[in-house]
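A.B. asks: curious how this folds, go ahead:
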Amino acid sequence: MHSQNTTTTQITFHYLNGHTESFNLFESIDNTTPQGLQLEVRHLLQRDWWILNLPEQTVMINIANVTKVEVKPTLAQLQGEGIFSDVERVTALNRSR
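C.D. replies: Modelled structure (predicted):
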């Protein structure tokens, strides 16, 4: 059981086959400084496999099969090269069949 003071981050994986899968993360990312968060995210994005320990199982995700990763709430502290800030989505991505 997680305390009510725990900040929850939701991460959604969009796979090559069109499926999506979402998880709630109860561990906080080191967001005490923007630099710490940015380093941690960039380090994580370089990994081939992400391992998620759930109460009932461990899930291993091969990032080569993932087209997009969404994180809520936003990681507004991320700044720098390759990061676009102050962005607004105009249309949602539609999949044609």
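
A.B. asks: lowest confidence element among the helices and strands of the chain?
C.D. replies: Sorted by mean pLDDT, DSSP states H and E, the helices and strands of the chain end with helix 34-45, the least confident at a mean of 78.

A.B. asks: what about the strands in this structure?
C.D. replies: Per DSSP state E, the chain carries strands over the ranges 9-15, 20-25, 49-53, 58-62, 66-72.

A.B. asks: now tabulate those in TSV and tack on distance to Arg89, mean neighbour count and mean pLDDT.
C.D. replies: (Each C-beta comes from the backbone N, C-alpha and C, glycine too.) Putting those into TSV (distance: least, CB to CB, whole Å; neighbours: other CB atoms under 10 Å; pLDDT from 0 to 100) gives the following:
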stretch	distance to Arg89	mean neighbour count	mean pLDDT
strand 9-15	14	15	93
strand 20-25	16	13	94
strand 49-53	24	11	94
strand 58-62	24	11	97
strand 66-72	11	13	92
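
A.B. asks: mind checking which of the ones you listed is nearest Gly82?
C.D. replies: With CB to CB as the criterion, Gly82 lies closest to strand 66-72 of these, at 14.5 Å.

A.B. asks: how far away is Leu37 from Val90?
C.D. replies: Counting by CB to CB, to the nearest Å, the separation of Leu37 from Val90 is 27 Å.

A.B. asks: which of these two has more residues huddled nearby?
C.D. replies: A count of neighbours by other CB atoms under 10 Å puts Leu37 above the other of Leu37 and Val90, at 18 against 5.

A.B. asks: that one touches Leu78, doesn't it?
C.D. replies: Yes. Using CB atoms under 8 Å, Leu37 makes contact with Leu78 at a distance of 6.6 Å.

A.B. asks: circling back to that earlier point, what helices and strands are in contact with the least confident helix or strand of the chain?
C.D. replies: Where contact means 3 or more CB pairs under 8 Å, 6 or more residues apart in numbering; DSSP states H and E, helix 34-45 is not packed against any helix or strand.
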